[in-house]
Every structure is written in structure tokens, then in C-alpha cells.
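# what's the 3D shape of this:
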Amino acid sequence: MIIHETQVAPEWVDYNGHMNDAEYARVFSQACEALIDQIGLDEAGREHYGYTIYTLETHLCYRREAHQGQALNVNLTLLDSDTKRLHVFFAMFDDESNLLATSEQMLMGMEQASGRPAPFPEPIASRVAELPQDNKDVWPELAGRTIGIRR
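Here you go, the predicted structure:
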């Protein structure tokens, strides 16, 4: 499911002539915002429910360079969820379906008044249940990775 579409802006290009690493994170952040809006926690939803989403952890993998003006499409897969958390996987592709980068994220639902984790309001939980999921036994190859020097 494509959750976000954009293109590489000129100001995102670094001295190496391709999209700066921080800008990949920007695009994935925009994709996360699109997800949050889709499940009903846009500005009006946040105000109505007194509820928001925080990012707890992100793991970004760079696979290919992106260049100025290049189209970017970000797909979403829900890896797992519970009453207040979303484990999501975003994959960024160019318009030729080349994988450019991935971002695996753990998101937490938060009650705004207390600033504490809280279960999703029921309408939000229903929308979460409708998100595209892969088989829990067969995650994307780049999901669940750890960082380390292999010896």
C-alpha cells in the first residue's frame, strides 16, 4: 500500500550529488504522518480524542541513492500491533520500483493530557486493524535487523 508520494527536492541534495541521509528520514517521517492521518489522528482527530502518536524507535536502511527530482513512493506494512503500539515497516521505491531505503518504526499511542501511553480509542483501533499486514512468520527481509560489525 502506497502511503506517501513525493520527489527529491533540490535542497535535499548534498555535496555527493544525491539525497542526504537526513532527508530519507524526513520522507519516512512524512509517511508516518500520512499513516497517522489515515487512522484518524489528523489534527481534528488528535483534538477530538485528546490522543496522539509518538515514535519510540526507528531503524533506517539505505539501499540506493536518490537524486534531485526523482519520484519517491513509500509503501507501508503493519508488522505487529497491540492495544497501544504499532510496529510498522516503510519501504521507499523510485518510479522504476527500485528499493531505495526502508524504515522500521515502533510507534506508541499517547494520551495528550497525561503524556502517558494509553490504548487506542476504539475508532482508531478499528482503522489500525484495516492496515495491510504481512504474514507474521514472513516479514520483509530488512525488518528486525540489528546493527553490528560481523566477525
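# just the helices in this structure please.
21-38, 43-49, 122-129 (DSSP state H).
# out of those, deepest packed?
helix 21-38 (a mean of 18; mean count of other C-beta atoms under 10 Å). C-betas here are computed from N, CA, C, even on glycine.
# show me the shaky parts of the protein.
Along the chain, segments meeting pLDDT under 70 span 136.
# tell me the centre residue of it?
The residue lying closest to the centre of the chain (C-alpha atoms, centre = their mean) is C32, at 4.1 Å.
# enumerate every residue touching that residue.
53, 55, 88, 90, 105, 107 (C-beta atoms under 8 Å, 6 or more residues apart in numbering).
# got it, and Q30?
For Q30, the contact set (C-beta under 8 Å, 6+ apart) comprises 4, 6, 74.
# at 6 Å instead, please
Going by C-beta atoms under 6 Å, 6 or more residues apart in numbering, Q30 touches H4.
# ok so, going back, tell me the two of the contacts of C32 that are most distant?
In the contacts of C32, two members sit farther apart than any others by C-beta to C-beta. They are I53 and F90, at 14.3 Å.
# more neighbours: the two, which one.
F90 (25 against 21; other C-beta atoms under 10 Å).
# could you verify my assumption that S103 touches A91?
No - assessed by C-beta atoms under 6 Å, S103 is found out of contact with A91, at 8.2 Å.
# returning to what we had before: any idea how far M19 is from the residue nearest to the centre of the chain?
Relative to M19, C32 is positioned 18 Å away (C-beta to C-beta, to the nearest Å).
# and G144, how many neighbours does it have?
Counted by other C-beta under 10 Å, the residues lying close to G144 total 12.
# could you number the chain from 51 rather than 1 from now on?
From this message on, residue numbering opens at 51, which makes the last subject G194.
# quick one: neighbours of the nearest residue to it once chain neighbours are set aside, just the number.
Nearest non-adjacent residue to G194, counting by C-beta to C-beta, 6 or more residues apart in numbering: E154, 7.3 Å away. Neighbourhood size, E154 [other C-beta under 10 Å]: 23.
# I'd say E154 and L110 touch.
No - counting by C-beta under 6 Å, E154 does not reach L110; the two are 8.1 Å apart.
# so who does T127 touch?
Contacts for T127 were tallied using C-beta under 6 Å, 6+ apart; they are 139, 182, 184.
# show the backbone phi and psi for the second one.
Think P182. Main-chain torsions, P182, degrees, to the nearest 10: phi -70, psi 130.
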